[in-house]
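Student: Build the 3D model from these lines:
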Amino acid sequence: MELERVDIASKRTQTGVDFLPVNPKGNVPVLELDDKDLLTESPAIMQYLADLKPECELAPPNGTMARYRLQEWLGFVNSDLHKGYSPLFNSATPELVRRERQGALSKYYGLLEKLLTTQPWLLGERFSVADAYLFTVTSWAPHAGLDRSRLPAISAFQQRVGERPHVRGALLAEGLLRD
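Tutor: Next comes the predicted model:
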């Protein structure tokens, strides 16, 4: 699997390819499969990757209530948290909108703080792709002006995920962590 970065502003890949023919929505991520089919949207990609290696137990089996809970968490992280950050990374966002988004995100993190005080992972005792997604999105908080210092369970969650060997490997590969 190869990583190719995309400049969202210019809609060009790191090798200079126009990204819009790849994904007309203009969004990342996009996963190109072996048969050249493309899969978009984080929740779909994460479930697909988890299903490739069921022995890793990153997603509960299809048809179980636990799988629907996974989809519930992936939907929440995607639509409420991930999309909630977008205006905070745009310098043209009016201050009123910025404060509203920070307030909404703080409310959502308050709910997550309460949950993660009682269990280590979103689905309980087992790490899942929803936890990986939450970790990624939550790592944006300092860059978006969100203070996590009063969220000890969220901070402990971030540390637990960040210490996982595969997560460390991914962060190193993307240049987000130095060894």
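
Student: Quote the end-to-end distance of stretch 155-174.
Tutor: End-to-end distance of stretch 155-174 (Cα to Cα, to the nearest Å): 22 Å.

Student: what pLDDT, on average, does it get?
Tutor: For stretch 155-174, the mean pLDDT works out to 91.

Student: Contact partners for residue 25?
Tutor: residue 40 (Cβ atoms under 8 Å, 6 or more residues apart in numbering). Using the backbone N, CA and C atoms, a C-beta is placed for each residue, glycine as well.

Student: If you could redo that for residue 84, that was the one I meant.
Tutor: Counting by Cβ under 8 Å, 6+ apart, residue 84 has contacts 101, 104, 105, 108.

Student: check contacts around the third one.
Tutor: For residue 105, the contacting residues are 81, 84, 85, 141, 144, 146, taking Cβ under 8 Å, 6+ apart as the criterion.

Student: Give me the spatial nearest neighbour of the spatially most central residue of the chain, chain neighbours excluded.
Tutor: Centroid-nearest residue in the chain: residue 133, 3.0 Å away (criterion: Cα atoms, centre = their mean). Residue nearest to residue 133 in three dimensions, not counting chain neighbours: residue 77, with 4.8 Å by Cβ to Cβ, 6 or more residues apart in numbering.

Student: Going through the contacts of residue 84, which ones are buried?
Tutor: Neighbour-count burial (16 or more other Cβ atoms under 10 Å) applied to these gives 101, 105.

Student: Now, the contacts of residue 84 that are in helices?
Tutor: 101, 104, 105, 108 (DSSP state H).

Student: Tabulate those residues (JSON lines), appending pLDDT.
Tutor: Shown next, in JSON lines, are these (pLDDT from 0 to 100):
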{"residue": "101", "pLDDT": "95"}
{"residue": "104", "pLDDT": "95"}
{"residue": "105", "pLDDT": "96"}
{"residue": "108", "pLDDT": "97"}
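
Student: Tell me the one among those nearest to residue 21.
Tutor: The closest of these to residue 21 turns out to be residue 101 (Cβ to Cβ; 31.3 Å).

Student: What distance do you get for the closest one to residue 118?
Tutor: Using Cβ to Cβ, to the nearest Å, residue 101 is found at 27 Å from residue 118.

Student: Tell me the pLDDT of the nearest residue in space to residue 14 that is not next to it in sequence.
Tutor: Spatial nearest neighbour of residue 14, chain neighbours left out: residue 5 (4.4 Å); criterion: Cβ to Cβ, 6+ apart. The model reports residue 5 with a pLDDT of 87.
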